[in-house]
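S.K.: missing the sequence, but the structure's below:
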């Protein structure tokens, strides 16, 4: 059986992006998280593009939603950041531009843009200042009391904060993000923990997570092989342009082929682990890699004694 370098579905925590997105698909939980973090009362929320928002993919964006307060509507994008990011500012800029582009149609006026907020929940301190919350808005450098008033803001929450800078219930929530056992007697946090337990039992969620990891592993394999091949080739063929080009092309093709074969093997083995029939496993194989040699590949890796 191929060795996996990622968590099993049952091990996923709230801080894991995949589980975070599945839990936040519950509007009541999503509403409660925003109310606790921002200290506001929300009438209701809606997900403008449900089929796209919760698409769990290695390069997918955060949770996109419209939040309605009394007499106001703000567009939010909330994301969990469990891995250290060195360019968190530019990442938030990308998310901001995505929100704006999705919010306005061709021919619409920029005056129609709603206010928007980008929220990151980080399990690391991106600015090393010990704050639990970092808020950013467009401010004039020459006069600090002048704001651009473009309707955008970015808030970054930090589970590693040490300052007494936010309400106790916010600190409690951030501790809970790191450790589900920190829920204590907090009914809202207990409801999130129960939701996570229910999600871990979901067959649909397990299958989606498996496919998510396969795509991610494909990307890793291809990236590693590309870097390894180019580095090896350049070292061996320094100064030999023709040999460098030929070696790089052949090596890259070989590396990609090996990576794809490994991905096929993992897919078939995972289908068996999930109890899928051989016929359904073949369908998934064809969906992902095409029909060429599908039957032969399936027979090669399908273990009849399982």
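M.R.: Yep, that arrived. Source: prediction; values computed, not measured.
S.K.: So what's the residue count around residue 113?
M.R.: 16 (other CB atoms under 10 Å). The way it works is simple: take the backbone N, C-alpha and C, and place the C-beta from them, glycine included.
S.K.: Equivalent analysis for residue 11, please.
M.R.: For residue 11, the neighbour count with other CB under 10 Å is 10.
S.K.: separation between it and residue 198?
M.R.: 16 Å (CB to CB, to the nearest Å).
S.K.: any idea which element the closest residue to residue 159 other than its chain neighbours lies in?
M.R.: Of all residues beyond its chain neighbours, the one nearest residue 159 is residue 174 (4.4 Å), with distances taken as CB to CB, 6 or more residues apart in numbering. Using DSSP states H and E, residue 174 sits in helix 168-178.
S.K.: Where does the prediction get shaky in the stretch 1-150 of the chain?
M.R.: 1-6, 48-72, 105-107 (pLDDT under 70).
S.K.: just the helices in it please.
M.R.: Secondary structure of the stretch 1-150 of the chain (DSSP state H, counting those that start in this stretch): helices located at 17-24, 27-38, 50-53, 88-103.
S.K.: Residues contacting the second one, please?
M.R.: With contact meaning CB atoms under 8 Å, 6 or more residues apart in numbering, helix 27-38 is reached by 23-24, 40-42, 44-47, 63, 65, 67, 76, 78, 119, 121, 155, 157, 169-170, 173, 188, 191-192, 195.
S.K.: buried ones in stretch 297-306?
M.R.: 297, 298, 301 (16 or more other CB atoms under 10 Å).
S.K.: Surely residue 17 and residue 78 touch.
M.R.: No: using CB atoms under 8 Å, residue 17 is not in contact with residue 78; the gap is 11.4 Å.
S.K.: Neighbour count: these two, which is higher?
M.R.: residue 78 (24 against 18).
S.K.: now the more buried one: how far from residue 167?
M.R.: Residue 78 sits 18 Å away from residue 167, going by CB to CB.
S.K.: Now for the closest residue to residue 126 other than its chain neighbours, how many residues are close by?
M.R.: Once flanking residues are discounted, residue 126 sits nearest to residue 88: 4.8 Å by CB to CB, 6+ apart. Neighbour count of residue 88, defined by other CB under 10 Å: 18.
S.K.: Tell me which residues touch residue 88, please.
M.R.: 81, 120, 122, 126, 156.
S.K.: who's in contact with the first one?
M.R.: It stands for residue 81. With CB under 8 Å, 6+ apart, residue 81 has these contacts: 88, 120, 121, 122, 123, 124.
S.K.: closest to residue 277 among the buried residues of stretch 297-306?
M.R.: Sorting the buried residues of stretch 297-306 by how near they are to residue 277, with CB to CB, puts residue 298 at the top with 11.3 Å.
S.K.: Looks like that closest one contacts residue 268 (just checking).
M.R.: Yes: Residue 298 is within contact range of residue 268, at 6.2 Å (criterion: CB under 8 Å).
S.K.: which residues are in contact with both of these two?
M.R.: Common contacts of residue 298 and residue 268 (CB under 8 Å, 6+ apart): 281, 285.
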